[in-house]
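1. 3D, please:
(one chain, ligands or ions: 2)
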Amino acid sequence: MASSMMNGGYSVEEEEKKKNVNVGGGVEDVYGEDNATEDQFATPWTVSVASGYTLLRDPHYNKGLAFSEKERDAHYLRGLLPPAIFTQELQEKKLMQSLRQYKVPLQRYVAMMDLQERNEKLFYKLLIDNVEELLPVVYTPTVGEACQKYGSIFRRPQGLYISLKEKGKILEVLKNWPERNIQVIVVTDGERILGLGDLGCQGMGIPVGKLSLYTALGGLRPSACLPVTIDVGTNNEQLLNDEFYIGLKQRRATGQEYAELLEEFMTAVKQNYGEKVLVQFEDFANHNAFELLTKYSPTHLVFNDDIQGTASVVLAGLLAALKLVGGTLADHKFLFLGAGEAGTGIAELIALEISKQIKAPIEETRKKIWLVDSKGLIVNSRKESLQHFKKPWAHEHEPVKGLLDAVKAIKPTVLIGSSGVGKTFTKEVVKAMASFNEKPLILALSNPTSQSECTAEEAYTWSEGRAIFASGSPFDPVEYDGKVFVPGQANNAYIFPGFGLGLIMSGAIRVHNDLLLAASEALAAQVKQEHFDKGLIYPPFSNIRKISAQIAAKVAAKAYELGLASRLPRPKDLVQHAESCMYSPVYGCYR
Ligand SMILES: O=C([O-])CC(=O)C(=O)O
Ligand SMILES: [Mg+2]
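-> Ligands and ions are numbered 1, 2, ... in the order given. Coordinates of the predicted model:
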């Protein structure tokens, strides 16, 4: 086991084979063409210079009206474009104007996807320069609606679809993707898309959206990002009965059939892209999410955004919030509604941080944290029948049925909603929180907006302006009693882009909980007095690339410290290094 972990799970023979692939004048034969034999496949491929019409149709290189006179001559573009020449800034201004004319969020989403397929650099320039305005368009909440209607807005494939039909051929399928140097894969099986449930193959919108954030917020190159949707069927009756459904029309495969497809996928990924490719699991249902993370953490660079990313973001918000509510983390008492991936993931990271801070065993610090699921408070007497990921949270207490009674019984200082069910923080719940807390900390994490446990306005109004509030989906500022409250967005988008950048730039080969803690601390350190003054416990997204660089630097530093980093020597200034690694959406000039 130890030796297979050291060399990433390859057998000795496979290692030898890999070495042989590299002989030949010191130039690496990356794709194995020179060594192609009957049992080692090679892909025939060509590199050509795009010009003329092909250049305009290539989203990586297309600049639209921004091609200069010289470029129009040199690249056979004369006549293919109208005479005007626009700067990238003018193109951006024009596109933002036309986007703003669409009042329906989904129309804006479609317009952005069209732009991404037409002119990638301009898409990212818009997204980076207008991040607060466009994040809700290409990401939560609109991406949720886009997934629900993905069949009808689907135009060109934006990622790889790997279904049960591809069983036995996944390595070949990966080779069909036009890019080779993949650094990050976001993969879903569509079973739990946000709080919207099983959307099957239509879940593709999620990996696509997450990866566009990897580039815009974390600076990873778009060509290094691969969105994947695994299709093992769907249990969504509406989709199964829809003649236009784009996925497999069968009920979900489970058990061994499911495990085998995922095993083939994970093996093919490592075989094709090597040990340093990051695989981010996204929006899997609880039962598979925990199992996949446990299974592949020892052998692959894997990260579950819903368990670990959300945990890291929430912990950051809590660390920052201490400046507003006072005390240390250990002085607080936490109650969760929802004991799935997000709930138990956050709970565990809080317990870990407290255990490090006060040097107490984690079994002790977990006792400060209580979880409520659909059957009520998780208590010892329920332990036998609990799913394994809930068991550590079963503490000694008499049974309590609903959330309101649990709030009254536990008297938490922090209330966190992570059940995916909307409108569960009722007036009574919020009022109860406000009755025994001067500043109740209330996080309504479920997405999209329709699934939020309460709105920002409700949290501020029902607590008479005393709540510190943040939510998974964005809410506008709220005026209450003459004061403007700005709700923060406790969304994993704060962490995963910088976290991923830190892993990639250090060449990390495994994720470790200490890296998540480092990311939380880095994010919390970015909340400044001016933000606290507005009631915010997260910094604004407008500064996210700088924040991501800080997170990446702290994550990379920890990876080097723990011996998980393979890119040596360690750069001296990791923040500067992170910034210098980041993708720029500014057009290049063509020879
Ligand atoms: O996508 C988001 O906005 C956050 C997230 O991971 C989820 O809700 O599953
Ligand atoms: Mg998610």
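
2. Every contact and neighbour count from this point should use C-alpha atoms.
-> Noted.

3. roughly how far apart are residue 261 and residue 169?
-> Applying C-alpha to C-alpha, to the nearest Å, the value for residue 261 to residue 169 is 10 Å.

4. can you count the residues close to residue 245?
-> Residue 245 has 18 neighbouring residues, counting by other C-alpha atoms under 10 Å.

5. sec struct for it, please.
-> Three-state assignment for residue 245 (DSSP: H, G, I helix; E, B strand; the rest coil): coil.

6. Over to residue 303?
-> Here residue 303 is strand, with the state taken from three-state DSSP.

7. does it have beta-bridge partners, and which?
-> Per DSSP bridges, the residues bridged to residue 303 are residue 280.

8. mind checking pLDDT for it?
-> Here the pLDDT value assigned to residue 303 is 98.

9. And for whatever residue of the stretch 401-550 of the chain ends up closest to ligand 2, the neighbour number?
-> Ranked by C-alpha to the ion, the top residue of the stretch 401-550 of the chain for proximity to ligand 2 is residue 492, at 7.9 Å. Counted with other C-alpha under 10 Å, the neighbours of residue 492 add up to 21.

10. any idea how far it is from residue 313?
-> From residue 492 over to residue 313 (counting by C-alpha to C-alpha), the distance is 6 Å.

11. returning to what we had before: now do the same contact list for the residue of the stretch 401-550 of the chain closest to ligand 2.
-> 305-306, 309-310, 312-313 (C-alpha atoms under 8 Å, 6 or more residues apart in numbering).

12. And the closest residue to residue 373 other than its chain neighbours, what's its pLDDT?
-> Leaving aside its chain neighbours, residue 373 sits nearest to residue 338 (5.1 Å; criterion: C-alpha to C-alpha, 6 or more residues apart in numbering). We have a pLDDT of 98 for residue 338.

13. residues near residue 338, how many?
-> Neighbour count for residue 338, taken as other C-alpha under 10 Å: 21.

14. Whichever helix or strand residue 133 is part of and ligand 1 in contact?
-> Assignment of secondary structure by DSSP states H and E places residue 133 within helix 131-138. No - judged by C-alpha under 6 Å from any ligand atom, helix 131-138 stays clear of ligand 1, getting no closer than 9.2 Å.

15. moving C-terminal of the helix or strand containing residue 210, what's the next helix or strand?
-> Here residue 210, judged by DSSP H and E, is contained in helix 205-218. Next along the chain after helix 205-218, taking DSSP H and E as the criterion, comes strand 225-231.

16. model confidence over that next one, on average?
-> For strand 225-231, the mean pLDDT works out to 98.

17. Can you point out the buried residues in the helix or strand following that strand?
-> Counting by DSSP H and E, the element after strand 225-231 in chain order, helix or strand, is helix 237-240. Within helix 237-240, the residues scored as buried using 16 or more other C-alpha atoms under 10 Å are 239-240.

18. Kindly report the residues of the chain close to ligand 1.
-> Contact residues, the chain versus ligand 1 (C-alpha under 6 Å from any ligand atom): 140, 194, 283, 306, 447, 491-492.

19. Make a markdown table from those and add distance to residue 203 to it.
-> Formatted as a markdown table, these follow (distance: C-alpha to C-alpha, whole Å):
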| residue | distance to residue 203 |
| --- | --- |
| 140 | 13 |
| 194 | 9 |
| 283 | 8 |
| 306 | 15 |
| 447 | 14 |
| 491 | 18 |
| 492 | 18 |
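
20. can you put those residues in CSV and add secondary structure and pLDDT?
-> Output for the residues of the chain next to ligand 1, formatted as CSV (DSSP: H, G, I helix; E, B strand; the rest coil; pLDDT from 0 to 100):
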residue, secondary structure, pLDDT
140, coil, 97
194, coil, 97
283, coil, 98
306, helix, 98
447, coil, 96
491, coil, 97
492, helix, 97
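
21. List just the nearest of those to residue 162.
-> Comparing these against residue 162 with C-alpha to C-alpha picks out residue 283 as the nearest, at 16.0 Å.

22. can you tell me the helix or strand for residue 372?
-> Using DSSP H and E, residue 372 sits in strand 369-373.

23. Which residues does that strand contact?
-> Residues outside strand 369-373 that contact it (C-alpha under 8 Å, 6+ apart): 333-339, 343, 347, 351, 377-378, 393-395, 402-403, 406, 410, 419.

24. List the contacts of residue 392.
-> Contact partners of residue 392, counting by C-alpha under 8 Å, 6+ apart, are 363, 366.

25. From residue 341, how far out is the residue of the stretch 401-550 of the chain closest to ligand 2?
-> Plainly put, residue 492 is 13 Å away from residue 341 if you go by C-alpha to C-alpha.

26. Mind listing the shared neighbours of those two?
-> Contacts common to residue 492 and residue 341, judged by C-alpha under 8 Å, 6+ apart, are residue 306.

27. Isn't residue 396 up against residue 377?
-> No - counting by C-alpha atoms under 8 Å, residue 377 is not a contact partner of residue 396; they are 10.6 Å apart.

28. In the protein, which residue sits nearest ligand 1?
-> Nearest residue of the chain to ligand 1: residue 194, at 4.0 Å (C-alpha to the nearest ligand atom).

29. Do I have it right that that residue meets residue 283?
-> Yes - using C-alpha under 8 Å, residue 194 is in contact with residue 283, at 6.5 Å.
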